[in-house]
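Novice: have a look at this prediction, sequence included:
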Amino acid sequence: ALEAQPCPDCNHESPVDRYVEASRVQEDWRGYTIDDFKVMPGKEEARAIAVEWIEALLDDAPPSQHIVMFGGNGTGKSMLSSIMVLEACAAEYRAVIWNVGSLMRELQSRFGNDDESAQMLMKALAEIPVLVLDDWGQEIKSASGWSVSELESLIDERYVAGRATIVTTNLQREAFAEHV
């Protein structure tokens, strides 16, 4: 009798599962949706913008809006932007979240040891449909001109290409404007 079995070497994981796995969203947040986000008083506008952005994705509009989320520590910026990444993944868009300090350290270590690897990372970040730069803050003030220039070039390249970039920051608007 003929018997069919799945190929043990094939990966039958869905694109959504692969996108979520590569998204860098904290594992304990990976099942969250916008309905799980609890709005703090005075932060209703941020959630409303996120909902509008997510609804556009669900209507098959490619993500292109650029968003900056301002707020103090613990106000939910990272969680809300992570949920936006997960919603983009669910709509089968590749999306990733990077803590800015971690990204800067990663780039500096790569450029010091393997310039090709650093360039590949920058190219991937420039081309991914949705990029969240989380916690743009104090490390920018003390960063080298080179690393800040790389981030500014990345944001500019994404803007020109119409790719969605979401930035979270605990800086005040005026201080943020000085660093972008």
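Specialist: Arrived safely.
Novice: assign Val68 to helix, strand or coil.
Specialist: Per DSSP: H, G, I helix; E, B strand; the rest coil, the secondary structure class of Val68 is strand.
Novice: give the bridge partners for it, please.
Specialist: Under DSSP bridges, the beta-bridge partners of Val68 are Val167.
Novice: just give me the neighbour total for it.
Specialist: By other CB atoms under 10 Å, 17 other residues sit near Val68. In short, each C-beta sits where N, CA and C put it, glycine included.
Novice: give me the low-pLDDT residue ranges for this structure?
Specialist: 1-13, 112, 114, 138-146, 179-180 (pLDDT under 70).
Novice: can you give me the helices for it?
Specialist: In the chain, helices defined by DSSP state H lie at 15-22, 44-58, 77-90, 100-113, 115-127, 138-142, 145-161, 173-178, listed in chain order.
Novice: of those helices, which is nearest Thr33?
Specialist: Comparing these against Thr33 with CB to CB, the closest turns out to be helix 77-90 (6.6 Å).
Novice: okay, angle between that closest one and helix 15-22 too, please.
Specialist: Here helix 77-90 runs at an angle of 150 degrees relative to helix 15-22 (axes from the mean of the first three to the mean of the last three CA atoms, to 10 degrees).
Novice: gap between helix 77-90 and the chain center?
Specialist: The gap between the average C-alpha position of helix 77-90 and the chain average comes to 8 Å, counting by CA atoms, centre = their mean, to the nearest Å.
Novice: who does it touch, helix- and strand-wise?
Specialist: In terms of contacts (3 or more CB pairs under 8 Å, 6 or more residues apart in numbering; DSSP states H and E), helix 77-90 is packed against helix 15-22, helix 44-58, strand 66-70, strand 95-99, strand 130-134, strand 164-169.
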